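1. Got a sequence here, can you build the structure:
(one chain, ligands or ions: 1)
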Amino acid sequence: MPLAVVTGGASGIGRSICHHLARHGNPVAIVDIDGEGAERVAKELRGDGARVLACRADTSVRSDVDQAIQMARSEFGPVGILVTSAGVAQFEPFGEITLDSWNRVLAINLTGTFHCVQAALPDMVEARWGRVVMISSSSAQRGAPRMAHYASSKGGVIALSKTLALEYAASGITVNNIAPSSIDTPMVHEWQSAGTLGPIEAMARNIPVGRIGTGDDIAAACAFLCSEDAGYITGQTISVNGGSYVT
Ligand SMILES: NC(=O)c1ccc[n+]([C@@H]2O[C@H](COP(=O)([O-])OP(=O)(O)OC[C@H]3O[C@@H](n4cnc5c(N)ncnc54)[C@H](O)[C@@H]3O)[C@@H](O)[C@H]2O)c1
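-> Take a look at the predicted model:
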């Protein structure tokens, strides 16, 4: 089974994706700026018998990314699957967004994705097989007040995935993105504690299926996109949002 590299795998959606891919038998490299968190998830996976490596890396820093991918490759062989879930959210009225804040969100969410994909793709090109899944956001599909930097970064991720899908289709590589909305993760809890987001029950009332999403909801879609069966799906934005935004 091909090596799966999952960024942001120490928490939330990324962690669920690591569990799903490991259950499918893929060796997993967990790449996260939170090295201890990555090690914690690695322990959970090893407990289930998975082959796994934790790599601390800031995905906005190219040398960190190159080093992490190299470590993973030496341990498990070429990268076959890349999932980019590392990301940060920020809520600020547009007029108050500083250049530093704008640059930070873009650097992690968009440029970080660029670094990871550019570092991992050569293995997939060589193998003439690969799966790339980027985690975008419904904010890029419908707009999100006080999140201009975040929504713009995720819009860039969607455009990047479509473009790479076309550029690498003939190399046997599919590139898709999943646009989640309202998923119960530490990121959401953090913004609830800060008073920016309301309680889970209030969020659930605005979602047609009547509940907030889980990391497993995203991971199930991701695992399918990474499977052999999904070889004819590329360049798509898969909305996993309980019907809260219907494209
Ligand atoms: N939770 C939601 O409702 C939701 C909705 C839409 C999109 N998303 C996206 O899903 C992805 C995962 O979010 P989550 O909710 O699981 O959040 P989370 O905060 O639980 O997990 C994000 C992970 O990314 C890591 N990370 C942050 N900056 C990093 C960096 N520079 N380098 C490496 N790792 C870094 C964090 O340490 C953390 O482990 C993000 O890209 C987020 O924007 C989440």
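2. Okay, the residue positioned nearest the centre of the chain and Asp216: tell me how far apart.
-> Centroid check for the chain by CA atoms, centre = their mean gives Ser85 as the closest residue, at 1.9 Å. Distance, Ser85 to Asp216, by CB to CB, to the nearest Å: 14 Å. All C-beta atoms are positioned from the backbone trio N, CA, C, and that covers glycine.
3. Just to check, the residue nearest to the centre of the chain is in contact with Ile13?
-> Yes. If you go by CB atoms under 8 Å, Ser85 and Ile13 touch, sitting 5.1 Å apart.
4. Specify the local secondary structure of the residue located most distally from the centre of the chain.
-> Most distant from the centre of the chain: Gly95, at 28.4 Å, with distances by CA atoms, centre = their mean. Secondary structure state of Gly95, per DSSP: H, G, I helix; E, B strand; the rest coil, is helix.
5. can you pull the pLDDT of it?
-> Per-residue pLDDT puts Gly95 at 98.
6. One more: the one 5 residues further on?
-> With respect to pLDDT, Asp100 scores 98.
7. For it, grab the count of nearby residues.
-> By the criterion of other CB atoms under 10 Å, Asp100 has 8 neighbours.
8. got the residues of this structure near the ligand?
-> Proximity of the chain to the ligand, by CB under 6 Å from any ligand atom, involves residues 7-8, 10-14, 32-34, 37, 58-60, 85-89, 108, 112, 135, 137, 180-183, 185-188.
9. Which among these count as buried?
-> Applying 16 or more other CB atoms under 10 Å to these, the neighbour count classes 7-8, 10-14, 32-34, 37, 58-60, 85-89, 108, 112, 135, 137, 180-183, 185, 187-188 as buried.
10. List the ones among the residues you listed that fall in strands.
-> Members of these lying in strands (criterion: DSSP state E): 7, 32, 135, 180.
11. Just grab the bridge partners of the second one for me.
-> Beta-bridge pairing of Asp32 under DSSP bridges involves Arg56.
12. I figured it was touching Gly9, is that so?
-> Yes. Between Asp32 and Gly9 there is a contact at 5.6 Å, judged by CB under 8 Å.
13. any common contacting residues for the two?
-> Counting by CB atoms under 8 Å, 6 or more residues apart in numbering, the common neighbours of Asp32 and Gly9 are Ala38.
14. tell me which residues in the one helix or strand Ala119 maps to are buried?
-> Using DSSP states H and E, Ala119 falls within helix 112-127. By neighbour count on 16+ other CB under 10 Å, the buried set for helix 112-127 is 112-117, 119-121, 123-124, 127.
15. Need the overlap of contacts for Ser85 and Ile13.
-> Ile135.
16. Give the other helices and strands that the longest helix along the chain contacts.
-> Ranked by residue count under DSSP state H, the longest helix found in the chain is helix 148-168. In terms of contacts (3 or more CB pairs under 8 Å, 6 or more residues apart in numbering; DSSP states H and E), helix 148-168 is packed against helix 99-106, helix 112-127, strand 130-135, helix 139-142, strand 173-180.
17. so can I have JSON lines of these showing distance to Gln70?
-> Shown next, in JSON lines, are these (distance: least, CB to CB, whole Å):
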{"stretch": "helix 99-106", "distance to Gln70": "25"}
{"stretch": "helix 112-127", "distance to Gln70": "9"}
{"stretch": "strand 130-135", "distance to Gln70": "17"}
{"stretch": "helix 139-142", "distance to Gln70": "31"}
{"stretch": "strand 173-180", "distance to Gln70": "20"}
